[in-house]
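Engineer: Give me the fold of what follows.
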Amino acid sequence: MSKTKDVVVAVLGAGISGLRVYTRLRQAGIGAVLIDKSRGLGGRMATRRVGHFQFDHGAQFFTARTATFSALVEDLEANGLCALWQADRYVATPHMSAIGSSLLGREPNLHLNKMVKGIRREESGWALEVDGAESEIPGNGFFKGVVVAVPAPQALGIIGTKYSAFEKLKDADYAPCWTLMFAVEMPLKLDDVFVEFPNGHALRSISFNASKPGRPALKDLHTYVVHASAKWSQTHLETDKKIVQDMLIREVAKTLNLSTTPAFVSAHRWRYAEVIRAVNVPCLWDSDIGLGACGDWCLGPRVELAFESGEALATRLLNKYGRR
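Structural biologist: Purely as a prediction, here's the structure:
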């Protein structure tokens with residue numbers, strides 16, 4: 001069999017759900033390719049690096065309550081890839097985006113910076129419509145199965161409305177989030193290293209980034225990550241980034257008595273930051289056509305629930321394509 005046809009499944013999305021599906025397939029000896037529009041792994045388990053600054057600007061921590069994810073976290077912790085931050089909150093080390101590469105390992109069939117615009121069924125198998133890169137994806141046009149592991153609105157755009165098994169994608173809903181990253185010479189007077197603000201406030205939370213295990217300490221500089229509230233973020237969703245940046249730093253100054261000009265400041269928009277309405281199923285899967293979808297929109301807005309959604313879909317794929 002040619003190498004093209006050795007690739008059985010295409011996994012679209014390298015967040016926690018997609019990574020879980022992909023690694024389980026590879027571990028079972030099933031040929032798979034992993035594709036993501038971004039340049040990194042882990043989705044919102046993300047870290048921004050600018051010069052000597054480092055900010056975990058997506059998810060600030062994760063919990064481990066389910067059996068399967070707890071076992072993974074225990075293994076990662078034993079290998080120095082994650083650590084307990086406070087209470088029951090874990091972080092990946094030495095930065096949040098490290099969890100992506102630690103889950104993936106050394107895998108050759110990874111394609112980043114590739115935008116999948118759609119999928120279509122052909123006589124030979126599934127084909128991906130990749131922005132200017134169809135021929136660069138091994139197995140394209142011959143895939144027996146496709147996994148769409150991206151936010152529900154994006155998944156609906158890729159899958160379309162042709163397949164009735166994926167109607168639930170329309171039921172999921174997300175809230176956006178503007179994130180502010182900044183560094184100051186004087187530490188802020190916070191009650192804790194992670195502070196959440198009450199409902200109705202423009203800010204949702206602030207995190208002392210350098211307090212996390214494994215993060216580099218900068219001489220005379222203190223790094224913080226602020227998440228704006230969902231309402232504020234929605235109101236300013238399409239506002240210019242520089243304007244948002246200035247508005248948020250003024251809000252921080254007003255709320256936390258910040259009186260000095262930051263040595264560094266930057267903003268980032270997460271359009272699909274947090275699931276506010278999940279569809280309450282582990283995953284979506286149509287075995288007859290070999291098409292599945294998974295993500296945090298299935299079970300809820302926690303990293304481990306995104307992982308469990310990927311685990312559920314991986315099990316269905318292994319039942320269909322696993323060696324017998």
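
Engineer: so which helix or strand takes in residue 119?
Structural biologist: Under the criterion DSSP states H and E, the helix or strand holding residue 119 is strand 116-122.

Engineer: Now do stretch 243-258: distance to the chain's middle.
Structural biologist: The gap between where stretch 243-258 is centred and where its chain is centred comes out at 27 Å by C-alpha atoms, centre = their mean, to the nearest Å.

Engineer: picking up where we left off before, of all the residues in the helix or strand immediately after the strand holding residue 119 in the chain, which ones are buried?
Structural biologist: Next in sequence after strand 116-122, counting helices and strands by DSSP H and E, comes strand 125-130. For strand 125-130, a neighbour-count test (16 or more other C-beta atoms under 10 Å) marks 125-128, 130 as buried. Using the backbone N, CA and C atoms, a C-beta is placed for each residue, glycine as well.

Engineer: Surely residue 281 is in contact with residue 298?
Structural biologist: Yes - using C-beta atoms under 8 Å, residue 281 is in contact with residue 298, at 5.8 Å.

Engineer: Which of those two has more residues huddled nearby?
Structural biologist: residue 298 (27 against 15; other C-beta atoms under 10 Å).

Engineer: Tell me where the model's unsure across this structure.
Structural biologist: 1-5, 107, 323-324 (pLDDT under 70).

Engineer: and if we set it to 90?
Structural biologist: Scanning the chain for pLDDT under 90 picks out 1-6, 39-40, 51-52, 97-109, 132-136, 216-220, 259-260, 322-324.

Engineer: Using the record's domain definitions, break it down for me.
Structural biologist: Listed by automatic domain parsing, the domain ranges of the chain are 3-45+98-172+279-321, 47-96+173-277.

Engineer: ranking the ones you listed by burial, who's on top?
Structural biologist: The highest mean neighbour count among these, using mean count of other C-beta atoms under 10 Å, belongs to domain 3-45+98-172+279-321: a mean of 20.

Engineer: Please name every helix or strand in contact with the top helix by length along the chain.
Structural biologist: The longest helix of the chain (DSSP state H) is helix 303-321. Contacting helix 303-321 under the criterion 3 or more C-beta pairs under 8 Å, 6 or more residues apart in numbering; DSSP states H and E are the following elements: helix 16-27, helix 67-78, strand 145-148, strand 291-293, helix 296-299.

Engineer: I'd like to know which of the ones you listed lies nearest to residue 220.
Structural biologist: For the helices and strands packed on helix 303-321, proximity to residue 220 was assessed by C-beta to C-beta; helix 67-78 is nearest, at 31.6 Å.

Engineer: between the closest one and helix 16-27, how many degrees?
Structural biologist: Interaxial angle, helix 67-78 versus helix 16-27 (axes from the mean of the first three to the mean of the last three C-alpha atoms, to 10 degrees): 80 degrees.

Engineer: Just checking the distance from the following helix or strand past helix 67-78 to the centre of its chain.
Structural biologist: Downstream of helix 67-78, the first helix or strand assigned by DSSP H and E is strand 82-86. Computed by C-alpha atoms, centre = their mean, the separation of strand 82-86 from the middle of its chain amounts to 19 Å.

Engineer: Please apply the same query to stretch 101-120.
Structural biologist: How far stretch 101-120 lies from its chain's middle: 13 Å, per C-alpha atoms, centre = their mean.

Engineer: ok, now which ones touch the residue minimising distance to the centre of the chain?
Structural biologist: By C-alpha atoms, centre = their mean, the chain has its centre lying nearest to residue 43, at 2.4 Å. Residue 43 is in contact with 13-16, 18, 58, 100, 306, counting by C-beta atoms under 8 Å, 6 or more residues apart in numbering.

Engineer: For these, give me a markdown table that also has distance to residue 285.
Structural biologist: Below are the contacts of residue 43 laid out as a markdown table (distance: C-beta to C-beta, whole Å):
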| residue | distance to residue 285 |
| --- | --- |
| 13 | 15 |
| 14 | 20 |
| 15 | 18 |
| 16 | 18 |
| 18 | 15 |
| 58 | 27 |
| 100 | 24 |
| 306 | 16 |
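
Engineer: Next secondary structure element downstream of the helix or strand harbouring residue 253?
Structural biologist: Element membership of residue 253 [criterion: DSSP H and E] is helix 241-256. Remark: after helix 241-256, the chain's next helix or strand is strand 264-277, criterion DSSP H and E.

Engineer: Which residues outside the helix holding residue 253 are in contact with it?
Structural biologist: By C-beta under 8 Å, 6+ apart, helix 241-256 touches 178, 180, 182, 188-190, 197, 201-203, 206, 226, 228, 236, 239, 258-259, 262, 265-269.
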